[in-house]
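J.: got a predicted structure here, sequence first:
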Amino acid sequence: MRRYQPAAVLFLIFLWCVPVFAQGNAGVLNLEVEGNAAINSNDFAGARDGAIEDALQRAIREAASVLLALPVADKKFLPFKNEIIEQRDRYINNYKITAENNRGDTYSVTIKVAVALPDLKNDLAKMGFHQISGAVKNNVIISLEVRGLKKYSDFLSLKEFLKKRAKIVKNINARSFEWQQARLELEISGTSQALAAELAKTGRYILDAELIKKNQITISLLPREGE
């Protein structure tokens, strides 16, 4: 069992579910987000409600971030964050829980949520945010699965590589981590073929060419000399 301990540690580090988003129709932003809440005194029902609330709040923050083209933590947005969150019922069209579990003393839920953009746009404008984008950019969401991870630095190396391809890779979202494997959701500008070509240039990865056209990139880490 000892050999599985590093995977458990990496799972806690990487599994920070940032929303995956797509514009389903005009005025609605569809997201998938994770929410978490502490389990106090074995109150699982209360923790579940808290995790759902956390997920809904995160969805609203991320929707505002998309509209404003600002990071959620940007100091320009922080003063208005609570005011927006307090009015969440105005912005949430509907949501559906797709997964839930408790890890130790934390309850987690994953939800798919539809955020109504018109009211959110109007409220942000009233707060002084006039530079609001009219529509969500038509970027592409792709799945990237990496296999053969030996250590933490392997994942860091891939993540840094993706960050440096800012013209293509717009957002990097860790979705899951298992023994020597990780799955990410990437928001990219361009095509999955273009990103696959960049990965191939490194000489560090073997790519599954059959999946690339389906916006799924699977790479296997080549062992280095001496490994």
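T.: Cool, the structure landed.

J.: longest helix of the chain?
T.: In the chain, taking DSSP state H as the definition, the longest helix is helix 44-68.

J.: against which helices or strands is it packed?
T.: Packing contacts for helix 44-68, counted by 3 or more CB pairs under 8 Å, 6 or more residues apart in numbering; DSSP states H and E, involve strand 20-25, strand 28-38, helix 78-86, helix 88-91, strand 92-103, strand 106-116, helix 117-126. In short, each C-beta sits where N, CA and C put it, glycine included.

J.: residues of it that come out buried?
T.: Buried residues in helix 44-68, counting neighbours by 16 or more other CB atoms under 10 Å, are found at 47-48, 50-52, 54-68.

J.: quick check on Gly104: phi, psi?
T.: When read as degrees, to the nearest 10, the backbone of Gly104 gives phi 70, psi -120.

J.: quick one: it from Ala47, how far?
T.: Distance of Gly104 to Ala47, computed by CB to CB, to the nearest Å: 12 Å.

J.: chain center to the longest helix of the chain, what's the gap?
T.: The chain centroid and the centroid of helix 44-68 are separated by 13 Å under CA atoms, centre = their mean, to the nearest Å.

J.: and that helix, what's its mean pLDDT?
T.: What helix 44-68 shows for mean pLDDT is 88.

J.: contact partners for Thr106?
T.: Asn36, Ala37, Ala38, Ile39, Ala47 (CB atoms under 8 Å, 6 or more residues apart in numbering).

J.: 6 Å - rerun?
T.: Asn36 (CB atoms under 6 Å, 6 or more residues apart in numbering).

J.: what do you get for Ala55?
T.: So Ala55 contacts Val33, Gly35, Val109, Ile111 (CB under 6 Å, 6+ apart).

J.: check Arg147 too.
T.: Going by CB under 6 Å, 6+ apart, the list of residues near Arg147 reads Gln181, Ser220.
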